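*Asks:* all I have is the shape, not the residue letters:
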């Protein structure tokens, strides 16, 4: 996963946790605007979320942040 995407995911997770607390859940759509202006990036996240890790539609932001932090 590219560095800019990892940083965006971590930033969004931090923001959601700050706003709604440690138990906040989110989907991979949380990292994108409501319109599909970067389909390759959306697919990259969807592949990581769905195919690679077989995550549910909604997951805890804390869990996603930890997973992304573990990536090299």
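*Replies:* Ah, there it is. The shown structure was predicted, so the numbers you read here are calculated from the model rather than taken from an experiment.

*Asks:* mean confidence score for stretch 59-69?
*Replies:* For stretch 59-69, the per-residue pLDDT values average out at 97.

*Asks:* quick one, what contacts residue 22?
*Replies:* By CB atoms under 8 Å, 6 or more residues apart in numbering, the residues touching residue 22 are 60, 62. (Each C-beta comes from the backbone N, C-alpha and C, glycine too.)

*Asks:* now residue 5: how far from residue 16?
*Replies:* Per CB to CB, to the nearest Å, residue 5 is found 17 Å from residue 16.

*Asks:* compare neighbour counts for those two and give me the winner.
*Replies:* The neighbour comparison of residue 5 against residue 16 (other CB atoms under 10 Å) goes to residue 16, with 19 against 16.

*Asks:* could you check how far that one is from residue 66?
*Replies:* Separation of residue 16 from residue 66 (CB to CB): 14 Å.

*Asks:* now residue 21
*Replies:* 16 Å.

*Asks:* now do residue 58
*Replies:* 16 Å.

*Asks:* do residue 37 as well
*Replies:* For residue 37, the distance to residue 66 (CB to CB) stands at 28 Å.
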